[in-house]
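> fold the stuff below for me.
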Amino acid sequence: MNGHEDEHRDERGDERGDGHVDGRGKQASTEAPADWPRLLSETAEACLAVLERGTDADWSRPAGGLEWSCRETLDHLALGLVGYAGLLIARPTDRFITLLASLDPQAPVSGCLEGIGIASKLLTTTVRGTGPEVRAWHPWGNSDPAGFAAMGIVELSMHTHDITQGLGLDWTPPEAASAAAVARLFPEAPEGHTAADTLLWSTGRTNLTGLPRRTSWQWYGAPR
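Okay, here's the model as predicted:
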């Protein structure tokens, strides 16, 4: 499977994924800080806009190359977004939070998308109101508000990509948000491609010219 590798292993026992790669790549960027709340909000809006076009489709189909269905992928997305907000609020140093968010299993897809919108706004508001000095646990490196915002952008982008593949919808992640998230979380990412394509390659969703599709990956959450 090419889905989200086991990042939430300690959050929910049935998460699935493959192994992770190690190492570090390029040095941290010296560019001006990104406006993370705005980029996260814009990503959520773009994702929800395309997903709302597919509410009448068959959401029991597999989401791209994942083992989850399109509908099950929304559950994972809600868990991650609310989890990142909760981590920034509780600020544990060695574990995930005790609050595990879920969507109503009886709700229609339109209602589930409302839940994703709520989860996205919870994370955006938390990032906006949290000082840059704050750190919280993450299995891929204890992170700061910018890191968790970037994680939210990646979660939204790659899983919307998965779902739109399953539903047969054409969609590309927002370029500006993709560029910021890749720079923050994937220091080893290659240059010379669109940021959206690089994000999808970094998360094992696609190949790039001259580069095969990745079969294992992880991001680096710790500030650099």
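> can you mark which positions in stretch 101-112 are buried?
Within stretch 101-112, the residues scored as buried using 16 or more other CB atoms under 10 Å are 101, 103, 109, 112. Placement of C-beta: from N, CA and C, glycine included.
> the second one reaches G115, doesn't it?
Yes - here L103 lies in contact with G115, judged by CB atoms under 8 Å, at a distance of 4.7 Å.
> who touches both of those two?
Counting by CB atoms under 8 Å, 6 or more residues apart in numbering, the contacts common to L103 and G115 are 74, 78.
> returning to what we had before: and the two most separated of the buried residues of stretch 101-112?
Of all pairs drawn from these, the greatest distance, 17.4 Å, lies between A101 and V109 (CB to CB).
> quick one: the strands in the protein?
Here the chain has no strands by DSSP state E.
> distance from the chain centre to the longest helix anywhere in it, please.
Across the chain, the longest stretch assigned as helix under DSSP state H is helix 145-167. Remark: helix 145-167 is offset 3 Å from the chain centroid, using CA atoms, centre = their mean, to the nearest Å.
> go on, stretch 90-109?
The chain centroid and the centroid of stretch 90-109 are separated by 15 Å, computed with CA atoms, centre = their mean.
> over to stretch 81-101?
Between the centre of stretch 81-101 and the centre of its chain there are 15 Å (CA atoms, centre = their mean).
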